[in-house]
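Student: have a look; sequence and predicted model below, questions after that.
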Amino acid sequence: MKISQEKKILEILETQQYASVEELSAVLCVSRSTIRRSLEILQQKGLVTRTHGGVKINSDNNFSPSFTFRIHQNSFEKKKIALSAIKLIKNGDIIFLDGSTSAFYIAEYLKEFENIRVITNGIDTLSLLSKNKILAYSTGGQVSSENPSVLVGRYAEDMICNFHADIAFFSAQAMDNDGEIYDCFEDEIFLRRTMIKNAKTKVFLCDNTKIGKSSSYHLCSLKDIDYVASNLSLPNSITPEKCLTL
């Protein structure tokens with residue numbers, strides 16, 4: 001199955017939660033048998049559940065989306081955000097990247113810079129950096145029980161404290177209209193706070209799905225960071241000089 005087709009199916013299901021095989025076949029201009037094969041692969045990855053004649057996305061309250069699932073969510077917007085955010089990077093910088101999919105898109109564009117060093121707790125991000133021959137350090141630590149695509153814990157936090165980064169890129173699940181930033185994974189809150197504390201410039205990566213919302217655990221406030229990189233207009237509580245857009 002082509003990745004582009006997989007992404008399109010997930011984007012359709014993200015919008016409407018359920019679609020029939022016939023509907024997906026018509027929208028994607030492929031045969032129903034091709035759609036069924038694609039859905040079987042998506043189900044094996046745990047991203048969807050097939051039903052009689054159709055499919056629904058695995059997005060109920062007890063579902064913790066996999067990194068593979070989240071990397072496809074709002075991918076176009078996240079790429080735009082990454083392209084606006086990397087304008088802050090200079091050759092020779094030390095960079096913190098958290099384990100978010102938004103930071104993963106930052107990592108995709110780092111090969112155009114020289115002599116940079118990256119410290120990350122993102123397992124997939126670390127793999128991408130290595131593939132692109134970028135000098136990268138793992139924070140180490142334990143695999144998160146809440147989000148198995150990241151490393152967390154005291155060891156990881158202590159590793160971050162060994163560096164003073166020029167810039168930290170991080171994301172979270174939500175930012176309310178008062179500029180308070182929240183996430184749903186408790187064990188990542190402490191690690192992100194450590195990155196923010198030990199970086200000269202702090203950049204929050206925020207796509208449109210996060211704005212005007214809240215979540216379980218408070219991470220920080222807008223006053224604690226330097227820039228918000230987003231793909232759309234932000235609330236009035238965010239001063240224009242803090243906004244990064246293409």
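Tutor: Arrived safely.
Student: what's the spacing between the closest residue to Ile160 other than its chain neighbours and Ser138?
Tutor: In space, and not counting its chain neighbours, Ile160 is closest to Thr194: 4.8 Å by CB to CB, 6 or more residues apart in numbering. Yep, even glycine has a C-beta here, placed from its N, CA and C like the rest. Between Thr194 and Ser138 the computed distance is 15 Å (CB to CB, to the nearest Å).
Student: from what I see, Asp93 and Phe169 are in contact.
Tutor: No - here Asp93 does not reach Phe169: they are 11.1 Å apart, not a contact under CB atoms under 8 Å.
Student: which one's more surrounded, the two?
Tutor: More crowded of Asp93 and Phe169, by other CB atoms under 10 Å: Phe169, with 32 against 19.
Student: bridged to that one, which residues?
Tutor: Beta-bridge pairing for Phe169 (DSSP bridges): Leu97, Val203.
Student: identify the residues contacting it.
Tutor: By CB atoms under 8 Å, 6 or more residues apart in numbering, Phe169 lies in contact with Ala85, Ile95, Phe96, Leu97, Asp98, Ser102, Ala103, Ile106, Val203, Leu205.
Student: can you pick the most crowded of these?
Tutor: Ile106 (30 neighbours).
Student: could you say what helices and strands the strand or helix carrying it packs with?
Tutor: For Ile106, the element it lies in under DSSP states H and E is helix 101-108. Where contact means 3 or more CB pairs under 8 Å, 6 or more residues apart in numbering; DSSP states H and E, helix 101-108 is packed against helix 67-72, helix 75-85, strand 94-97, strand 117-120, helix 123-131, strand 165-170, strand 199-206.
Student: would a markdown table of these with distance to Leu110 and mean pLDDT be doable?
Tutor: Shown next, in a markdown table, are the helices and strands packed on helix 101-108 (distance: least, CB to CB, whole Å; pLDDT from 0 to 100):
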| stretch | distance to Leu110 | mean pLDDT |
| --- | --- | --- |
| helix 67-72 | 17 | 62 |
| helix 75-85 | 10 | 90 |
| strand 94-97 | 8 | 98 |
| strand 117-120 | 7 | 98 |
| helix 123-131 | 7 | 95 |
| strand 165-170 | 10 | 98 |
| strand 199-206 | 14 | 96 |
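Student: good, we can wrap up now.
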